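>>> What shape does this take:
(one chain, ligands or ions: 2)
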Amino acid sequence: MKDIIYSDKANLETIFSLTRAMIEEKDLYSLLRQIHDQTKQVLQVDRCTIFLFDRDRNELWSWVSPDLEIEEIRLPLGQGIAGWVAASKEALMIANAFDSPFFDPTWDQKTGYCTNNILSVPMLARGSELVGVIEAINKQGSNFNDYDRSLLMTFASLAAAAIRDVERDMEREKFIDSVVRSFGETIDARSEFTAGHSQRVATYVRNFAQALGLSNREIKVAYYAALLHDVGKIGIKDAILEKPGRLTPEEYQSIKDHAAYTRNILNAIDFPDDLKEIPQIASSHHEQIDGGGYPVGLKDNQIHKLAKIISIADVYESLTARDRPYRKAMSISEALEVLIRNKGTCFDPNLVDLFIEKRIYHTELRIHKRISVDLAIEYVLDPEGQVKEEQIGRGRALNLSQSGLLFSSDIIFPTHKLIGLTVYIPNDRIEALAQVVWCREAELPGKFQVGLRFADLSFHDQQKLQRYLQKIPTIG
Ligand SMILES: [Fe+2]
Ligand SMILES: [Fe+2]
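Ligands and ions are numbered 1, 2, ... in the order given. All right, here's what the predicted structure looks like:
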């Protein structure tokens, strides 16, 4: 009796602590991992799998199953135990798996694992919205009982609420990300000479912020502010922006106005609290630490650290970008010389040193480091409107980098075409718009190798990809 009371108390404590942790958790993967670990601990089971409901495809997929030898399981609703639980929204408690008509023994046969008993419960948000299924397998020393079932049901409804919360945050982030990026692209599209400028500055800035060991939030703020830094150029006339020769003092003043315009435009946007500093940072990218910059003439410690980073990346990118009508592109060492010469006047000396020491300017090389992989991919050529199942092509990525991937195909892909792409990395997936850079015959007859470059990858997916790439050794 004492034992039961003690274990009830322990379970309640676990549920309380998990609830607290779940409310605070903003990363889906870590949240699922917590749900997984706590389920195993509270129910004393050997294995646990968390299935999430993929609304687009009306199927379940296993996001966290670190114990399984199989990387990912996909189940149509109604199929298998978890599929039945998802479709009926009812729990299923099975004392002997092999006696159950829902049990599919294939995985056990493949992996040599022996499933005995299973407790599978739906994760329902607000009582009825299907979020996924928690499956607990092989209770140690006994079978599952009604108490286990009600415990896991309680647990699953808390988990469902927390998952929906994080998903909603991700949807909101995805929205903000797409707005910010399309802003950046609009500026870059203003002139063919500055095409890709904001994007490249943002890439340097992201790597810079990471090298400084800043938090994820700061890295995101820096990246978005960099994408938006020149948004004020919308207010400058083409004739001045594109002028090939020297600018008159009035024209130069007008160009300088873009920094203040950036501030005005961004101030009009109601950024969420964690991104509130973006207008101030983005509009300070021409401030100098000796106070000689614009639009305000701020001095060293009045300038936000992230604005100082953007300022270095911005100048370096402009100097080394391809030839402008008014001057030739500088070599890397010439551009670094300019940064060094202006240390202490325009730029923060420590940050310039770091930019050089850590070779942050070598972003291009970094981007093209590739890893050898074997990952499932799905693609749709020229994605427009509603995609039908039969239009989805499937293949395997052969290698992958931060900038794109290579895969083998039975068909020829026209170069420059855009592809809607999903890359399935373990326990996660990355959605991108990608462009066919090249397509050539492989050694095997009838096979082609296709090189894709990511044309549009959200900040969230960039981070995911980077986390994944960091875990695996590069191949050069
Ligand atoms: Fe600027
Ligand atoms: Fe710029």
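
>>> In the stretch 151-300 of the chain, where is pLDDT below threshold?
192-193 (pLDDT under 70).

>>> For it, what lies in contact range of ligand 2?
D230 (CB under 5 Å from the ion). Every C-beta, even on glycine, is put in place using the N, C-alpha and C of the backbone.

>>> what are the ranges of the helices in the stretch 151-300 of the chain?
For the stretch 151-300 of the chain, the helices defined by DSSP state H, counting those that start in this stretch cover 197-211, 216-228, 238-241, 249-267, 278-282.

>>> Include mean neighbour count and distance to L130 when you put these into TSV, please.
Listed next are the helices of the stretch 151-300 of the chain as TSV, based on neighbours: other CB atoms under 10 Å; distance: least, CB to CB, whole Å:
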stretch	mean neighbour count	distance to L130
helix 197-211	23	36
helix 216-228	24	30
helix 238-241	12	52
helix 249-267	16	39
helix 278-282	23	36
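
>>> export those to a markdown table and tack on distance to M170?
Shown next, in a markdown table, are the helices of the stretch 151-300 of the chain (distance: least, CB to CB, whole Å):
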| stretch | distance to M170 |
| --- | --- |
| helix 197-211 | 19 |
| helix 216-228 | 13 |
| helix 238-241 | 37 |
| helix 249-267 | 23 |
| helix 278-282 | 19 |
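
>>> out of the ones you listed, which comes closest to C48?
Among the helices of the stretch 151-300 of the chain, helix 216-228 comes nearest to C48, with 27.4 Å by CB to CB.

>>> what helices or strands is the closest one leaning on?
The criterion is 3 or more CB pairs under 8 Å, 6 or more residues apart in numbering; DSSP states H and E, and the helices and strands that helix 216-228 contacts are helix 146-188, helix 197-211, helix 278-282, helix 305-320, helix 459-471.

>>> Contacts for it next, please.
176, 180-181, 183-184, 198-199, 201-202, 204-206, 208-210, 214, 262, 266, 274-275, 277-278, 281-282, 306-307, 309-310, 313-314, 459, 463 (CB atoms under 8 Å, 6 or more residues apart in numbering).

>>> repeat for stretch 232-246
With CB under 8 Å, 6+ apart, stretch 232-246 has contacts from 186-187, 190-191, 193, 247, 251, 254-255, 257-265, 283, 325-326.

>>> related to what we said a few turns ago, looking at the helices and strands packed on helix 216-228, spot the one closest to H416.
Nearest of the helices and strands packed on helix 216-228 (CB to CB): helix 146-188, 17.0 Å.

>>> what separates the residue of the stretch 101-250 of the chain found nearest ligand 2 from H258, distance-wise?
Nearest residue of the stretch 101-250 of the chain to ligand 2: D230, at 4.4 Å (CB to the ion). To H258, D230 is 6 Å away according to CB to CB, to the nearest Å.

>>> Residues in a beta bridge with L375, which ones?
A397 (DSSP bridges).

>>> mind starting the numbering at 12 from now?
New numbering, starting at 12: the last item is L386.

>>> Contact partners for it?
Applying CB under 8 Å, 6+ apart, the residues near L386 are 407-408, 411, 434-436.

>>> 10 Å instead, please
82, 406-411, 416, 418, 434-437, 440-441, 479 (CB atoms under 10 Å, 6 or more residues apart in numbering).

>>> Can you flag the buried ones in the residues you listed?
The neighbour count (16 or more other CB atoms under 10 Å) marks 406, 408-411, 416, 418, 434-436, 440-441, 479 as buried among these.

>>> I'd like these as JSON lines, with secondary structure and pLDDT appended.
Listed next are the buried ones among the contacts of L386 as JSON lines, based on DSSP: H, G, I helix; E, B strand; the rest coil; pLDDT from 0 to 100:
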{"residue": "G406", "secondary structure": "strand", "pLDDT": "85"}
{"residue": "A408", "secondary structure": "strand", "pLDDT": "87"}
{"residue": "L409", "secondary structure": "strand", "pLDDT": "83"}
{"residue": "N410", "secondary structure": "strand", "pLDDT": "80"}
{"residue": "L411", "secondary structure": "strand", "pLDDT": "85"}
{"residue": "L416", "secondary structure": "strand", "pLDDT": "88"}
{"residue": "F418", "secondary structure": "strand", "pLDDT": "89"}
{"residue": "V434", "secondary structure": "strand", "pLDDT": "92"}
{"residue": "Y435", "secondary structure": "strand", "pLDDT": "90"}
{"residue": "I436", "secondary structure": "strand", "pLDDT": "86"}
{"residue": "R440", "secondary structure": "strand", "pLDDT": "87"}
{"residue": "I441", "secondary structure": "strand", "pLDDT": "90"}
{"residue": "Y479", "secondary structure": "helix", "pLDDT": "83"}
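
>>> Tell me the one of the residues you listed nearest ligand 2?
Of the buried ones among the contacts of L386, the one sitting nearest to ligand 2 (CB to the ion) turns out to be I441, at 28.3 Å.

>>> right, and the closest one touches L411 too?
Yes. Using CB atoms under 10 Å, I441 is in contact with L411, at 9.5 Å.

>>> hey, what's in contact with both of those two?
Counting by CB under 10 Å, 6+ apart, the contacts common to I441 and L411 are 386, 388, 434, 476, 479.

>>> hang on, the earlier thing: excluding sequence neighbours, find me the nearest residue to the residue of the stretch 112-261 of the chain closest to ligand 2.
I198 (5.2 Å; CB to CB, 6 or more residues apart in numbering).

>>> Up against ligand 2, what does the stretch 312-461 of the chain have?
So the stretch 312-461 of the chain meets ligand 2 at D325 (CB under 5 Å from the ion).

>>> residue of the stretch 312-461 of the chain with the smallest distance to ligand 2?
D325 (4.3 Å).
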